[in-house]
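Enquirer: quick one: sequence and predicted model below, then my questions.
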Amino acid sequence: EVQLVETGGGSVQAGGSLRLSCAASELSFDDYAIAWFRQAPGKEREAVSCFDNMDQETYDSDSVKGRFTNSRNRAKNTVNLQMDSLRPEETAVYYCAARRSGANEYNYWGRGTEVTVSS
């Protein structure tokens, strides 16, 4: 059974940093695009960053470019999201999701990890 488990959430002051990790079981990152999403209270879920295994490129939303870094650890089968210069409006539950190559939708989702940024 495919599982995605996010860790690394927590509370930080504005301007601080957090590093999220997404561990995958029964899934190869070579066959899936892996993305980070977030959902703030009362808002719709939004995409934050995606690593596309097809073209080996990372796509970040404009709001996080230059501050968030998406990386993979092949040996551990994890994907990490380094978040720097965090802002209060980025308080949200962060999810990782996997999309099989060629699919239109994300097939698998983690349960999320909560990030709170205080001003």
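Expert: Nice, I can see it.

Enquirer: list the buried residues for the lowest-mean-pLDDT helix or strand in the chain?
Expert: Ranked by mean pLDDT, DSSP states H and E, the helix or strand of the chain with the weakest confidence is strand 57-60, at a mean of 89. Residues Thr58, Asp60 are the ones in strand 57-60 that count as buried (16 or more other CB atoms under 10 Å). Where C-beta positions appear, they are placed from N, C-alpha and C, glycine not excepted.

Enquirer: helix or strand next in line after it, which one?
Expert: Heading C-terminal from strand 57-60, the first helix or strand you meet, by DSSP states H and E, is strand 68-73.

Enquirer: so what are the sheet partners of the next helix or strand after that following strand and their directions?
Expert: Sequence order places strand 78-83 as the next helix or strand after strand 68-73, per DSSP H and E. Take DSSP bridges as the rule and strand 78-83 pairs in its sheet with strand 18-25 (antiparallel), strand 68-73 (antiparallel).

Enquirer: tell me the most buried of the ones you listed?
Expert: Highest mean neighbour count among the strands paired with strand 78-83 (mean count of other CB atoms under 10 Å): strand 18-25, with a mean of 19.

Enquirer: can you count the residues close to Arg99?
Expert: Residues near Arg99, counting by other CB atoms under 10 Å, number 18.

Enquirer: look up how far Ala35 lies from it.
Expert: Between Arg99 and Ala35 the distance is 7 Å, computed by CB to CB, to the nearest Å.

Enquirer: if anything else comes up later, I'll come back, but that's it for now.
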